[in-house]
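J.: structural data only, the sequence is not supplied:
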């Protein structure tokens, strides 16, 4: 991408005034590692999503890693089989591979870019997984009612990768509040940013305690005192040794007070950001509906980018680049086409994901884009784009 790109896929959400607030706080701060700000950000985020527990980590990828490891440690899983989406980001899938799960990929659908319900039902019936992982792609909700019924039918837990969907709602319920756990990303250009950062949400208090421990080396000290005392008694740990006792196989994926300070202030404007993203999406839809296949039941669509399918993607990419408009594949396309997956499995076919991988492209949407910007992007896109027939 040229350095002088004008219409970017993402722009920083951290303003100069927020940097000034951070600077003033930094001068007075007596601790920069994880402390009170982290706890406050976690509490505020839980209230926003309407869940009971949130755990702040150093990235959305680490959030997925934390979920995968904490569920293993929880004793909740009947096996290590997990279904994951073909249309996703690498670190939606790879933490489960790295931790020894048996990962089965599920094809996508064109209606919301989420899990194919028919394929999901087939996989659940055949493999009886412990986990279903989904991605709410570009802010679009999966078919939650049908997926939850499948989870109940096969006694399977649901994990939501909500990194592209902060603020989106279905039936007046925030995405990220439906499953046993959910992940969020606060990377540059996401709905809100803490520079680097991520969050895990859950309504399961025992799982939340495990997550707090696994996030910090697997040690005991972040447990609530009542539960901590039980573990100390059960394992005959001395008072002297208790602060340096490791209960789980953990990581160090903590974030800092600096990132949390930014997050607290960023969260105050997420409702406004979500409304702008929805408004921008509606402008795109007016001009490019024939290239857009999504029609999901998201009440509030905190859209992360406008997805299109077109016959001549490379030609359009070259034209948009010359016009200083950034574009990209839909997430990273089909995971089964990625080198890391081909090393594992070359046999299975995922027809819908393969078409999205070959023909999908998404256009910018963020809170700094104006209506005129979007109209211009649509105009330049339409000059070259050829309709994909017989999808």
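T.: Alright, I've got the coordinates. None of the values given here were measured: they were computed from a predicted structure.

J.: contacts for the biggest helix by length in the chain, please.
T.: Once the chain is assigned using DSSP state H, the helix that runs over the most residues is helix 270-288. Residues outside helix 270-288 that contact it (Cβ atoms under 8 Å, 6 or more residues apart in numbering) are 13, 48, 139, 166-168, 191-192, 292, 300-304, 306, 308, 363, 365-367, 369, 371, 374-375, 378-379, 381-382. Where you see a C-beta, it was placed from the backbone N, CA and C, and this is true even at glycine.

J.: among those residues, which lie within helices?
T.: Assignment to helices by DSSP H places the following of these there: 48, 371, 374-375, 378-379, 381-382.

J.: now those as JSON lines including pLDDT and distance to residue 58?
T.: Output for those, formatted as JSON lines (pLDDT from 0 to 100; distance: Cβ to Cβ, whole Å):
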{"residue": "48", "pLDDT": "98", "distance to residue 58": "20"}
{"residue": "371", "pLDDT": "98", "distance to residue 58": "36"}
{"residue": "374", "pLDDT": "98", "distance to residue 58": "33"}
{"residue": "375", "pLDDT": "98", "distance to residue 58": "38"}
{"residue": "378", "pLDDT": "98", "distance to residue 58": "37"}
{"residue": "379", "pLDDT": "98", "distance to residue 58": "40"}
{"residue": "381", "pLDDT": "98", "distance to residue 58": "36"}
{"residue": "382", "pLDDT": "98", "distance to residue 58": "41"}
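
J.: just the buried subset of those residues, please.
T.: Buried positions within the ones in helices among the contacts of helix 270-288, assessed by neighbour count (16 or more other Cβ atoms under 10 Å), are 48, 374, 378, 381.

J.: tell me how far the last one lies from residue 309.
T.: When you say that, I think you mean residue 381. Per Cβ to Cβ, to the nearest Å, residue 381 is found 12 Å from residue 309.

J.: what do the two both touch?
T.: Residues touching both residue 381 and residue 309 comprise residue 291, with contact defined as Cβ under 8 Å, 6+ apart.

J.: was I right to think residue 46 contacts residue 56?
T.: No: with contact taken as Cβ atoms under 8 Å, residue 46 and residue 56 are classed as non-touching, separated by 10.7 Å.

J.: neighbour count winner among these two?
T.: Counting neighbours by other Cβ atoms under 10 Å for residue 46 and for residue 56 shows that residue 56 has the greater number, 28 against 20.

J.: what helix or strand is the more buried one located in?
T.: Here residue 56 sits within strand 53-57, counting by DSSP states H and E.

J.: which stretches of this protein form helices?
T.: Taking DSSP H as the criterion, the chain carries its helices at 16-28, 36-49, 60-74, 90-98, 117-127, 144-153, 205-215, 225-234, 257-267, 270-288, 313-322, 339-342, 351-359, 371-384.

J.: any idea which of the ones you listed is most buried?
T.: Taking mean count of other Cβ atoms under 10 Å as the contact definition, the stretch among the helices of the chain with the greatest mean neighbour count is helix 60-74, which reaches a mean of 25.

J.: starting at the chain centroid, how far to that one?
T.: On the basis of Cα atoms, centre = their mean, to the nearest Å, the separation between the geometric centre of helix 60-74 and that of its chain is 13 Å.
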